[in-house]
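*Asks:* Next come a sequence and a model predicted from it.
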Amino acid sequence: MSRRFLRVWFSLLLPGLLFSTVAHAQLALDLSGHPIDPLAAHKITVLLFIRSDCPISNRYAPEIQRLANEFQGNANFWLVYPDRKETTEAITKHLAAYGYKLPALRDVHHDLVHKAQAQITPEAAVFQGTELRYLGRIDDRAVDFGAFRATANEHDLEDAVRAVIKGQPVRKAAGPPVGCYISDLE
């Protein structure tokens, strides 16, 4: 092969490789449609996978907001909407209806879902940098569909965030998350 051929071949190949790397680096979209990687900017990141039409996710809105306020400055909380059919307008209405003051992301390609291995809404993932340290339920109030405890006995997400902040091992959730399955997972 001639050097000229190789130069032409690489000049055609290189932009495609760079584009695919850049495109894959965008893990989600903010509500303005801009690509964003929520794991790139913060040491401790909490992703909360929710759906506007999941009654269990909606019931956890006050607790999610409370935890985000409590750990403000130590952990960055994001709401992640993994339903590909959920529009930006529907998400904006949902945020207002439930009093959320957290940034929200659309995970239309399920990049964050796959990175966290999430399957349920609501489900929480705690990352330290890009390392997944916790995946599981928020607490044990949701026992089953339609069955809730008045107060939580286990505060799995809160305990996990505290452990990561203190540099301690993270305990697995004491039970599985209860909620709505994330649709169209491959």
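*Replies:* In hand now; what should we look at? Numbers count the residues shown, from 1 in each chain.

*Asks:* how about the most centrally placed residue in the chain, secondary structure?
*Replies:* The centroid of the chain falls nearest to Leu47 when counting by CA atoms, centre = their mean (3.2 Å). Secondary structure, DSSP: H, G, I helix; E, B strand; the rest coil: Leu47 is strand.

*Asks:* which ones are touching it?
*Replies:* 38, 78, 80, 112, 116, 118, 124-125, 127 (CB atoms under 8 Å, 6 or more residues apart in numbering). In this view, the C-beta of every residue, glycine as well, is placed from N, C-alpha and C.

*Asks:* Return the member of the residues you listed nearest to Val143.
*Replies:* Ala124 (17.4 Å; CB to CB).

*Asks:* what are the phi and psi values for the closest one?
*Replies:* phi -110, psi 140 (degrees, to the nearest 10).

*Asks:* Excluding covalently adjacent residues, which one is nearest to it?
*Replies:* Leu157 (4.6 Å; CB to CB, 6 or more residues apart in numbering).

*Asks:* Same question for Ala28.
*Replies:* Among residues not flanking Ala28 along the chain, Leu105 sits closest, at 3.9 Å (CB to CB, 6+ apart).

*Asks:* Equivalent analysis for Thr92, please.
*Replies:* Leu31 (6.5 Å).

*Asks:* separation between that neighbour and Ala61?
*Replies:* Applying CB to CB, to the nearest Å, the value for Leu31 to Ala61 is 17 Å.

*Asks:* the more surrounded of the two?
*Replies:* Ala61 (20 against 15; other CB atoms under 10 Å).
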